[in-house]
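> need a 3D model of the following:
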Amino acid sequence: MSEKLDTVDARLIERLHGNLPLSDRPFAEVGAELGLGEDEVLERLRRLLSQGVLTRFGPLYQIERAGGRFVLAALEVPPARFDAVAAQVNALPEVAHNYRREHSLNMWFVVAAESAERAEAVLEQIAALTGLRVYAFPKEREYFVELRLPVTGWRGGGA
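Modelled structure (predicted):
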(Lines give C-alpha, C1' and ligand atoms only; values in the text may rest on other atoms or scores of the structure.)
Protein backbone atom coordinates (compact mmCIF):
# COMPACT_ATOMS: atom_id res chain seq x y z
CA MET A 1 0.00 0.00 0.00
CA SER A 2 1.61 3.23 -1.10
CA GLU A 3 -1.14 5.58 0.05
CA LYS A 4 -0.71 7.41 3.35
CA LEU A 5 -3.65 7.87 5.66
CA ASP A 6 -4.59 11.39 6.54
CA THR A 7 -5.79 12.13 10.06
CA VAL A 8 -9.45 12.18 9.04
CA ASP A 9 -9.18 8.77 7.33
CA ALA A 10 -7.47 7.32 10.41
CA ARG A 11 -10.14 8.71 12.75
CA LEU A 12 -12.88 7.40 10.45
CA ILE A 13 -11.38 3.90 10.35
CA GLU A 14 -11.05 3.82 14.14
CA ARG A 15 -14.63 5.01 14.59
CA LEU A 16 -16.04 2.45 12.14
CA HIS A 17 -14.21 -0.45 13.77
CA GLY A 18 -17.21 -1.19 15.95
CA ASN A 19 -20.52 0.04 17.24
CA LEU A 20 -21.92 1.33 13.97
CA PRO A 21 -25.18 3.10 14.82
CA LEU A 22 -28.26 1.00 14.12
CA SER A 23 -30.26 3.64 12.33
CA ASP A 24 -31.58 4.58 8.90
CA ARG A 25 -28.50 6.73 8.27
CA PRO A 26 -25.55 5.39 10.27
CA PHE A 27 -22.94 7.14 8.12
CA ALA A 28 -24.62 10.49 8.76
CA GLU A 29 -24.42 9.85 12.50
CA VAL A 30 -20.77 8.80 12.33
CA GLY A 31 -20.04 11.81 10.15
CA ALA A 32 -21.69 14.15 12.65
CA GLU A 33 -19.49 12.70 15.42
CA LEU A 34 -16.39 13.40 13.31
CA GLY A 35 -17.47 16.74 11.83
CA LEU A 36 -18.06 15.25 8.37
CA GLY A 37 -21.06 15.03 6.11
CA GLU A 38 -22.61 11.69 5.25
CA ASP A 39 -21.47 11.97 1.60
CA GLU A 40 -17.88 12.62 2.65
CA VAL A 41 -17.89 9.58 4.96
CA LEU A 42 -19.17 7.38 2.13
CA GLU A 43 -16.71 8.83 -0.40
CA ARG A 44 -13.79 8.29 1.98
CA LEU A 45 -14.86 4.67 2.51
CA ARG A 46 -15.13 4.09 -1.25
CA ARG A 47 -11.65 5.59 -1.77
CA LEU A 48 -10.08 3.57 1.06
CA LEU A 49 -11.59 0.38 -0.38
CA SER A 50 -10.56 1.16 -3.96
CA GLN A 51 -6.99 1.95 -2.86
CA GLY A 52 -6.76 -1.28 -0.89
CA VAL A 53 -6.24 0.55 2.41
CA LEU A 54 -9.36 -1.32 3.53
CA THR A 55 -9.98 -4.71 1.96
CA ARG A 56 -13.49 -5.18 3.30
CA PHE A 57 -16.10 -3.17 5.13
CA GLY A 58 -19.12 -5.00 6.39
CA PRO A 59 -20.73 -6.79 9.30
CA LEU A 60 -19.60 -10.05 10.83
CA TYR A 61 -22.43 -12.53 11.19
CA GLN A 62 -22.89 -15.54 13.40
CA ILE A 63 -24.00 -17.50 10.37
CA GLU A 64 -24.96 -20.59 12.38
CA ARG A 65 -27.80 -18.65 14.03
CA ALA A 66 -29.34 -18.35 10.57
CA GLY A 67 -28.76 -22.03 9.77
CA GLY A 68 -25.54 -21.48 7.83
CA ARG A 69 -22.02 -22.73 8.28
CA PHE A 70 -18.45 -21.47 8.10
CA VAL A 71 -15.73 -24.06 7.47
CA LEU A 72 -12.01 -23.37 7.52
CA ALA A 73 -10.37 -25.66 4.98
CA ALA A 74 -6.94 -26.35 3.55
CA LEU A 75 -5.33 -27.96 0.52
CA GLU A 76 -1.85 -29.27 -0.17
CA VAL A 77 -1.29 -27.75 -3.60
CA PRO A 78 1.76 -28.54 -5.74
CA PRO A 79 3.59 -25.21 -6.23
CA ALA A 80 3.33 -25.39 -10.02
CA ARG A 81 -0.48 -25.63 -9.76
CA PHE A 82 -1.01 -23.08 -7.00
CA ASP A 83 -2.31 -20.18 -9.14
CA ALA A 84 -4.60 -22.43 -11.19
CA VAL A 85 -6.05 -24.09 -8.08
CA ALA A 86 -6.47 -20.70 -6.39
CA ALA A 87 -8.48 -19.52 -9.40
CA GLN A 88 -10.71 -22.63 -9.21
CA VAL A 89 -11.31 -22.24 -5.49
CA ASN A 90 -11.82 -18.48 -5.60
CA ALA A 91 -14.34 -18.77 -8.44
CA LEU A 92 -16.84 -20.34 -6.05
CA PRO A 93 -19.14 -17.76 -4.45
CA GLU A 94 -19.06 -19.62 -1.12
CA VAL A 95 -15.30 -19.08 -0.73
CA ALA A 96 -15.01 -16.06 1.53
CA HIS A 97 -11.22 -15.63 1.50
CA ASN A 98 -8.12 -17.58 0.62
CA TYR A 99 -4.58 -17.47 2.05
CA ARG A 100 -1.24 -18.90 0.92
CA ARG A 101 0.86 -20.37 3.73
CA GLU A 102 4.40 -21.70 3.97
CA HIS A 103 3.40 -25.18 5.09
CA SER A 104 2.61 -28.50 3.42
CA LEU A 105 -1.04 -27.39 3.64
CA ASN A 106 -0.24 -24.27 1.68
CA MET A 107 -3.72 -23.02 0.71
CA TRP A 108 -6.23 -22.10 3.42
CA PHE A 109 -9.69 -20.75 2.73
CA VAL A 110 -13.07 -20.25 4.36
CA VAL A 111 -16.29 -21.65 2.94
CA ALA A 112 -19.39 -19.72 3.99
CA ALA A 113 -22.65 -21.43 3.06
CA GLU A 114 -26.34 -21.11 3.86
CA SER A 115 -26.44 -24.62 5.34
CA ALA A 116 -24.14 -27.33 6.65
CA GLU A 117 -25.20 -29.48 3.69
CA ARG A 118 -24.24 -26.76 1.19
CA ALA A 119 -20.86 -26.25 2.89
CA GLU A 120 -20.16 -29.98 2.59
CA ALA A 121 -21.21 -29.95 -1.07
CA VAL A 122 -18.85 -27.04 -1.80
CA LEU A 123 -15.94 -28.84 -0.13
CA GLU A 124 -16.71 -31.93 -2.22
CA GLN A 125 -16.90 -29.74 -5.33
CA ILE A 126 -13.47 -28.27 -4.57
CA ALA A 127 -12.01 -31.76 -4.20
CA ALA A 128 -13.57 -32.81 -7.52
CA LEU A 129 -12.46 -29.65 -9.35
CA THR A 130 -8.88 -29.72 -8.09
CA GLY A 131 -8.31 -33.45 -7.66
CA LEU A 132 -6.86 -32.66 -4.23
CA ARG A 133 -7.88 -33.77 -0.74
CA VAL A 134 -9.69 -31.05 1.17
CA TYR A 135 -8.88 -30.85 4.87
CA ALA A 136 -11.95 -29.37 6.58
CA PHE A 137 -11.91 -27.81 10.03
CA PRO A 138 -15.50 -26.90 10.90
CA LYS A 139 -16.03 -24.67 13.90
CA GLU A 140 -16.62 -26.69 17.06
CA ARG A 141 -16.73 -23.81 19.51
CA GLU A 142 -16.93 -20.06 19.09
CA TYR A 143 -14.57 -17.67 20.82
CA PHE A 144 -14.84 -13.91 20.85
CA VAL A 145 -11.43 -12.41 20.22
CA GLU A 146 -11.43 -8.77 19.28
CA LEU A 147 -8.26 -7.15 18.08
CA ARG A 148 -8.33 -3.40 17.75
CA LEU A 149 -5.13 -1.75 16.64
CA PRO A 150 -4.99 2.01 17.00
CA VAL A 151 -5.00 3.73 13.64
CA THR A 152 -4.48 7.36 14.68
CA GLY A 153 -1.06 6.57 16.18
CA TRP A 154 0.01 4.70 13.05
CA ARG A 155 2.86 6.25 11.08
CA GLY A 156 3.34 3.58 8.42
CA GLY A 157 6.67 2.58 6.98
CA GLY A 158 9.20 0.03 8.15
CA ALA A 159 10.61 -1.10 11.45
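> OK, contacts around S115?
G67, G68, R69 (CB atoms under 8 Å, 6 or more residues apart in numbering). Using the backbone N, CA and C atoms, a C-beta is placed for each residue, glycine as well.
> check the gap between it and L42 for me.
According to CB to CB, to the nearest Å, S115 stands 34 Å off from L42.
> which non-adjacent residue is nearest the residue most central in space within the chain?
With distances taken as CA atoms, centre = their mean, R56 lies nearest the centre of the chain, 5.8 Å away. Nearest residue to R56 in three dimensions, chain neighbours excluded: L49, at 7.9 Å (CB to CB, 6 or more residues apart in numbering).
> in the helix or strand hosting that neighbour, what's buried?
According to DSSP states H and E, L49 maps onto helix 38-50. By neighbour count with 16 or more other CB atoms under 10 Å, helix 38-50 contains the buried residues V41, R44, L45, L48.
> tabulate those in CSV, adding columns for pLDDT.
As requested, the buried residues of helix 38-50 are exported to CSV (pLDDT from 0 to 100):
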residue, pLDDT
V41, 97
R44, 96
L45, 95
L48, 93
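> which one among these gets closest to P150?
Proximity of the buried residues of helix 38-50 to P150 (CB to CB) peaks at L48, which lies at 16.8 Å.
> could you check how far that closest one is from A136?
Here the criterion is CB to CB. By it, L48 lies 34 Å from A136.
> just R65 next, same as before
With distances taken as CB to CB, R65 is found 21 Å from A136.
> check H17 too.
According to CB to CB, H17 stands 31 Å off from A136.
> what does L75 give?
For L75 relative to A136 (CB to CB), the value is 11 Å.
> now swap in L129 and tell me
15 Å.
> when those two are compared, which one has more neighbours?
It is A136, of L129 and A136, that has more neighbours when counted by other CB atoms under 10 Å, with 16 against 13.
> next, the more buried one: secondary structure please.
Under DSSP: H, G, I helix; E, B strand; the rest coil, the three-state class of A136 is strand.
> which pLDDT does the model give it?
pLDDT, A136: 97.
> what's the closest non-adjacent residue to it?
The shortest distance from A136 to any residue other than its chain neighbours is 4.9 Å, reached at A73 (CB to CB, 6+ apart).
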